[in-house]
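Undergrad: fold the following, please.
(one chain, ligands or ions: 2)
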Amino acid sequence: MPALPASAPSNSSWRRHASPASAALSSPPKSLLLLLPVLLLLLFALSRAPDLAFSSTSTAAVAAAHSSYSSGHLRPFDCYASPQASPVVANLVEGVPHPFFYSLADMGTLPDRPHKNIARLLKGKRFRKPDISETIQGLLGGEVGRGGPPGGVVVDVGANVGMASFAAAVMGFRVVAFEPVFENLQRICDGVYLNRVRDCVVVYHAAASDRVGNITMHKVIGRLDNSAISATGAKLAFKSNEEIAVVVSTIPLDEVIPDTERVLMIKIDVQGWEYHVLRGATKLLSRTKGEAPYLIYEEDERLLQASNTSSQEIRAFLSSVGYNDCTRRGTDAHCTKE
Ligand SMILES: *[C@@H]1O[C@H](CO)[C@@H](O)[C@H](O)[C@H]1NC(C)=O
Ligand SMILES: *[C@@H]1O[C@H](CO)[C@@H](O)[C@H](O)[C@H]1NC(C)=O
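TA: Ligands and ions are numbered 1, 2, ... in the order given. Below you'll find the model as predicted:
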């Protein structure tokens, strides 16, 4: 990991780490230079006129989508009733069958590397085919949900800025997303607005876990996507970044997802907390073959150990609820009840 001095002027010093080949490709396309100010202006205008932003979506549809998800313990986060962060820096994901917008944060002074999406954006590149977005659109466009009744939701645990949620939502799928880091949640709200998916995305400001309560988690400043419940886990990849402890709500998926709701897929990427999320979804995961969701979770042994669990413990648990077919794809495990 190349560490930069904290005082380094960020743009040029990030470039120093780029390979000569990627530096040669880095002149920003005109379309992007035009797009950014337009987006910023648009969002500024809309933040001044919240009523205008509301008018395009049916309030009744939104209310219906959200009310079926009010657990006794926690209500969905209302993006449209919350303060709008500014500036908004948005970009288009391309190279996927259904392109979508995402919004970024982490623009501060960064000891370790900025998120690769930000580095790309500053070089004038669009974000091309994030692995998880491509995977999700591929599965939802194909094997997942085929044969069953239409409908069903995609559950995105550790949604970060929504690379999985929006990939699914722009295909017309309903999404229930969980994100405990408030800065990321604001980026999800930007994406809900930019992608016009307010009526199909429900988002919780919470960490999914195995119990209802509160837990301390550790935000990694400048790399919020690496925030983790385990303090050790938060420090694993970006050792020199500042880390801030915050208390967040926890909720089991079984408390939120109604028994009657068909769930097509669950994606979990929670920096080592995967086992606890799965334990909190025991009822959901125990559904019979054909009703049980397709499962994707990040399987990073070091992060799991920092949370006092292991991939072996997870596989044993999954097997006990009938997930007997797991395969590794990159850093993720994909499991079904085949
Ligand atoms: C979590 O913290 C909030 C605010 O401090 C408190 O009201 C709530 O009772 C706590 N929940 C649990 C289950 O401990
Ligand atoms: C893991 O276990 C150690 C020792 O019991 C404890 O101090 C630590 O807080 C645990 N970590 C997590 C994330 O639960």
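
Undergrad: enumerate every residue touching the spatially most central residue of the chain.
TA: A centroid search over the chain (Cα atoms, centre = their mean) returns residue 159, at 2.0 Å, as the residue closest to the centre. For residue 159, the contact set (Cβ atoms under 8 Å, 6 or more residues apart in numbering) comprises 165, 177, 178, 179, 184, 188, 203. (Glycine included, C-beta is placed from N, CA and C.)

Undergrad: so can I have JSON lines of these showing secondary structure and neighbour count?
TA: Output for the contacts of residue 159, formatted as JSON lines (DSSP: H, G, I helix; E, B strand; the rest coil; neighbours: other Cβ atoms under 10 Å):
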{"residue": "165", "secondary structure": "helix", "neighbour count": "34"}
{"residue": "177", "secondary structure": "strand", "neighbour count": "28"}
{"residue": "178", "secondary structure": "strand", "neighbour count": "28"}
{"residue": "179", "secondary structure": "coil", "neighbour count": "30"}
{"residue": "184", "secondary structure": "helix", "neighbour count": "24"}
{"residue": "188", "secondary structure": "helix", "neighbour count": "25"}
{"residue": "203", "secondary structure": "strand", "neighbour count": "25"}
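
Undergrad: between those, which is closest to ligand 2?
TA: residue 178 (17.8 Å; Cβ to the nearest ligand atom).

Undergrad: how close does the closest one sit to residue 160?
TA: For residue 178, the distance to residue 160 (Cβ to Cβ, to the nearest Å) stands at 11 Å.

Undergrad: can you name the residue of the stretch 151-300 of the chain nearest ligand 1?
TA: residue 214 (3.8 Å).

Undergrad: what helix or strand is that residue on?
TA: Residue 214 is part of strand 213-220, with elements assigned from DSSP states H and E.

Undergrad: near ligand 1, which residues of the stretch 101-250 of the chain?
TA: 212, 213, 214 (Cβ under 6 Å from any ligand atom).

Undergrad: so which of these wins on neighbours?
TA: Within those, neighbour counts (other Cβ atoms under 10 Å) peak at residue 212, which reaches 16 neighbours.

Undergrad: for the residue nearest to it when sequence neighbours are not counted, which three-state class applies?
TA: Nearest residue to residue 212, sequence neighbours excluded (Cβ to Cβ, 6 or more residues apart in numbering): residue 73, at 4.9 Å. Here residue 73 is recorded as coil under DSSP: H, G, I helix; E, B strand; the rest coil.

Undergrad: hang on, residue 73 packs against residue 255?
TA: Yes - assessed by Cβ atoms under 8 Å, residue 73 is found in contact with residue 255 at 6.1 Å.

Undergrad: thinking again about what came up before, quick check: closest non-adjacent residue to the residue nearest to the centre of the chain.
TA: Closest residue to residue 159 apart from its sequence neighbours, by Cβ to Cβ, 6+ apart: residue 177 at 3.9 Å.

Undergrad: and the one you found, bridged to which residues?
TA: residue 156, residue 203 (DSSP bridges).
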